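Colleague: Okay, here's the prediction I keep looking at, along with the sequence it came from:
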Amino acid sequence: MKRFVGFIKKEFYHIFRDTRSLFILFGMPIVQILLFGFAITNEINNVDIAILDHSKDATTKEIINKISASKYFSIKQILERETDIEAVFKKGKVKAVLNFETDFGKNLIKDHQATVQIITDATDPNTANTISNYINSILQNYQQEQNKAIHIDYVIVPEPRMVYNPELKSVYMFVPGVMTIILMLVSAMMTSISITREKELGTMEILLVSPIKPFQVIIGKVFPYIFLSVINAVVIVLLSIFIFKMPVQGSLFLLALESVLFIISALALGILISTISATQQTAMMISLMGLMLPVILLSGFIFPISSMPLPLQVLSNIIPAKWFIIILKGIMLKGVGLEFIWKETLILLGMTILFIGLSVKKYKIRLE
Amino acid sequence: MKTIRYIIQKEFKQIFRNKGMLPIIFVLPLLQLIILSNAATFEVKNIKFAFIDNDHSASSRALIDKFEASTYFDVLTVFPSETQASSAMLKGEVDVFLEIPSHFERDLQKNKTTSLGVTINAIDGAAAGVENVYVTQIVQSYNKQIKTDLMQVSDAQIQPVTITSIPLFWYNETLNYKTFMVPGILVLLVTMITLFLSGMNIVREKEIGTLEQINVTPIKKSQFIIGKLFPFWVIGMGLLTIGLIIAKLIFNVPMIGDLLLMYFYTSIYILVILGMGLFISNFTDTQQQAMFIAWFFTVIFILMSGLFTPIESMPGWAQTLTEFNPIKYFVEVMRMVMLKGSGFVDILPQLVKTLVYAIIMNGLAVWSYKKTT
Amino acid sequence: MKKTNVIQAEDLTKMFGDFKAVNGITFEVKKGEIFGFLGANGAGKTTAMKMLIGISIPTSGKANVAGFDVFTQAEDIKKNIGYMSQKFALYDDLTVKENISFFGGIYGLTKARIKEKTKELIEDLGLQEVSNQLVGSLPLGWKQKISFSVALLHEPKIVFLDEPTGGVDPITRRQFWEMIYKAAHYGTTIFVTTHYMDEAEYCDRVSIMVNGKIEALNTPKKLKEQFQVDNMNDVFLKLARG
């Protein structure tokens, strides 16, 4: 036991003496979460659009004013010809063009119907779709106003209630994701080099010859980083709560426990990576190249998993981050207790045990 | 000149001899390109829909039928009460549920107006917005239907006005997300590989001691650095090429613009990344530190590149910051050239900025490399 | 015939913050000498050497190597010297031949010359069997010899060896010193640091550094007389005890 404690102490010394790395380990996540919490959002604001108005009458003017008054759009240019549209898109100056037909106002009064094209630059299809929908809403709004004026009813009014996130703040969606990614990458990275560095320096042989059991070596290596990552996690949660006003509807204690579980799973993954890498370089490259994109893309952080093709939905199940994000959102935004997230918790637990088990096995193989 | 050739030869030999790293450099990125590009979509599909029908009338059933007919919604089940529906939503089993009030049909016929309770899981605010739009669209279409059914003669003279808006999606009619994401993900992969490799490279020689040996030779700084960067530049361009082939063959991403222009731009872009990696390498003592710093910047660059969330949506100060994000320019150019067919003049601003960035970054890298301390 | 000084140091000092790693050392090394730069671990030998080979700028003092000033002409110095670091810095993932070719190329040797030298080196060291093997797979003693030979590839006037015999067995050490003698015989000046005091016997003159200062500088014979002992190890012990 004393040997084990001594081993852990040594690991701690390693970490705390490398001040540059420490600075990065603690400072970077903070900077990142601040940056992302404020900068990453799906909401659209002040999107530049252009108008091609073939009518130039009072009606189109009114509509254009409505659009310009909205905080979502900013009218950047007035076009004169159809051919201008291509040019302005190619230069990337505007994201959408509103094309009013000739005699728009007249047609509305005479034929009770008029047409306008909402042309969007769909190289970014998501934004294009959102922009199209928003502009359409403004148009529908205008239409409804006109109709109200002439008392046409038969209206079913849907009353939408947005739950868990009434103000539709994208922060709520992203912060849990960012937390997860940062914790996962930092943890996996930190431990992945831990074992390979010993291999490269040659001190691994000393460990192998010593009476410390492989199981103890693995746990010993993971332990100090748990400590560090928990500090990171706490800071991130505090920042989320106080700066981004993320609620924690559920139990803080449960949040803490689940976070520790996730951290251990990420650390264990890092250790597993290092047992299969010959050099530090390989370990780091696998951790970063192998984990970063899959975690960002398949964890449900940005893209909804339910919209992905089935094989990918299945694949996403092996990513620990996916389960943790569900847990985080559940506890923080929905306020659920363990009874709602026990499945996800069990899965994380299982993964952790699997990673540690595999690591010990691989480490033992080295002994033979 | 000849000296540079020796360095380049050595670097290539070392890269290709490193059997462990080769699959990571070549296979892993391309594998990710193929698999992950399918993941990236903001489309809202398979919305788990439930409803509470307090009316049980022909009208309420007609409304539900419309939802069932829609391809967006998966109508799961009917709940007897709002409490149960909410509980299901807590569990994540339901995304949207509708509550039809009792007297729905009666109110519609008598008062010509009634309300509908729509509850949406809004954790993903953007998706919630879209779901709401879809719900509204279906309700509006139902509205139109009943107007024609229930309208009485006296109302016939007054006709509603309709503004018909025709949405046109240029360059990507079907709103195919892959067209958008595949080039973007390729950019990320090329960037990550070149940054990590160049970032670790010099530090590794520092760690094993060969850097000192090199510093004692009369080799010039610039020769050494050019020699070191060139192989990674080649690898970057190589990855790009294979990636583009995959994009075309597997994903059928349109390539409208001038491929040569794309290559030209990329060749300069990679220089920026390499310069950064090198610069990082000069200031760190261990590979670990180099990787941490590279990681820090990579994550920031990726998330703030406009690939996943639009730059226009970011607050002003964040948008200013993106001016320093090389990935942002690459993503813009990639989309403009490949998907819109933009020409040299169109991408000139991005090209110039990237060029300046490359010069500054590499200049800094060379300057900060000291053969003598 | 007066031998010229190929290395000249005057009051050479290197400070790291407040710590004086090298504290005002003064000495010269004559052409063709085998000069032993002795001292315990941490005495400042490597730091001093780094200043002489042009990769560390002195804090104060003066020094000339091969006629060039260490402050202003470091790159010229490098053209005229060879260096073998403590870590025998060769590329483990390149073969013997490739390492030779690489360093030869860096020093500006022509392809033909490199080919010549490679053949010579491999024959001299008996490495025919392993010439195409990765250096990383070779035993330490061979790496050491290859490293030394690589340092001499461009036939420099002076060659600096930093603890060249660390971790090698006594027989290999002796063989190594034979290589050094041979090089000196052809006129190359050898500047070697070591903490093995018995190797001091092999040098023409030695200096002993203690805590950043040179506390002794003479031929081994004269030093033994001065301290009235019969081996260099005891000279050092007497010095270290102060």
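Modeller: All right, it came through fine. Numbers count the residues shown, from 1 in each chain, chains lettered A, B, ... in the order given.

Colleague: can I see the domain layout of chain A?
Modeller: Per automatic domain parsing, the structural domains of chain A span A:2-40+A:168-367, A:47-149.

Colleague: now the ones you listed in CSV, with distance to chain B and mean neighbour count?
Modeller: C-beta coordinates here come from the backbone N, C-alpha and C atoms, glycine included. Output for the domains of chain A, formatted as CSV (distance: least, CB to the nearest CB, whole Å; neighbours: other CB atoms under 10 Å in any protein chain shown):
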stretch, distance to chain B, mean neighbour count
domain A:2-40+A:168-367, 4, 19
domain A:47-149, 4, 18
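
Colleague: three-state assignment of the residue in chain C that chain A sits nearest to?
Modeller: Nearest residue of chain C to chain A (CB to the nearest CB) works out as residue C:93 at 10.4 Å. What DSSP: H, G, I helix; E, B strand; the rest coil gives for residue C:93 is coil.

Colleague: do you know how far it is from residue B:212?
Modeller: 18 Å (CB to CB, to the nearest Å).

Colleague: who has more neighbours, these two?
Modeller: residue B:212 (20 against 15; other CB atoms under 10 Å in any protein chain shown).

Colleague: Name the nearest residue to that one, ignoring sequence neighbours.
Modeller: In space, and not counting its chain neighbours, residue B:212 is closest to residue C:85: 5.6 Å by CB to CB, 6 or more residues apart in numbering or on different chains.

Colleague: returning to that earlier point: touching, the residue of chain C closest to chain A and residue B:18? I think so.
Modeller: Yes - if you go by CB atoms under 8 Å, residue C:93 and residue B:18 touch, sitting 6.9 Å apart.

Colleague: How are the helices of the stretch 101-250 of chain B distributed by residue range?
Modeller: For the stretch 101-250 of chain B, the helices defined by DSSP state H, counting those that start in this stretch cover B:104-111, B:125-150, B:177-208, B:210-215, B:221-251.

Colleague: what angle sits between the longest one and helix B:221-251?
Modeller: The directions of helix B:177-208 and helix B:221-251 differ by 150 degrees, with axes from the mean of the first three to the mean of the last three CA atoms, to 10 degrees as the criterion.

Colleague: before we move on, the earlier item: residues touching the residue of chain C closest to chain A, list them.
Modeller: B:13-14, B:17-18, C:134-136 (CB atoms under 8 Å, 6 or more residues apart in numbering or on different chains).

Colleague: need the residues of chain C near chain B, please.
Modeller: C:53-57, C:74-75, C:78-79, C:81, C:83, C:85-87, C:89-94, C:98, C:101-103, C:105-108, C:134 (CB under 8 Å from any CB of the partner chain).

Colleague: returning to that earlier point: I'd like the domains of chain A as TSV, with mean pLDDT appended.
Modeller: Converted to TSV, the domains of chain A look like this (pLDDT from 0 to 100):
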stretch	mean pLDDT
domain A:2-40+A:168-367	84
domain A:47-149	87
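
Colleague: Tell me which residue of chain A is furthest from the middle?
Modeller: residue A:110 (50.4 Å; CA atoms, centre = their mean).

Colleague: In chain A, which helix is the longest?
Modeller: Scanning chain A for the helix with the most residues, using DSSP state H, yields helix A:170-201.

Colleague: do that helix and chain C meet?
Modeller: No - using CB under 8 Å from any CB, helix A:170-201 never reaches chain C; the gap is at least 11.2 Å.

Colleague: to the chain's geometric centre, what's the distance from that helix?
Modeller: Centroid separation between helix A:170-201 and its chain, computed with CA atoms, centre = their mean, to the nearest Å, is 14 Å.

Colleague: hmm, back to that, among the helices of the stretch 101-250 of chain B, which is nearest residue B:296?
Modeller: Closest approach to residue B:296 among those is made by helix B:177-208 (11.1 Å; CB to CB).

Colleague: For that closest one, give the mean pLDDT please.
Modeller: Throughout helix B:177-208, pLDDT has a mean value of 87.

Colleague: and the residue of the stretch 101-250 of chain A nearest chain C?
Modeller: residue A:200 (11.2 Å).

Colleague: Please list all residues in contact with the residue lying closest to residue A:280 once chain neighbours are set aside.
Modeller: With sequence-adjacent residues excluded and distances taken as CB to CB, 6+ apart, residue A:280 is closest to residue A:196, at 4.6 Å. Shown in contact with residue A:196 (CB under 8 Å, 6+ apart): A:274, A:277-280, A:282-283.

Colleague: ditto for residue A:175
Modeller: Neighbour list for residue A:175: A:33, A:36-37, A:240, A:244, A:246 [criterion: CB under 8 Å, 6+ apart].
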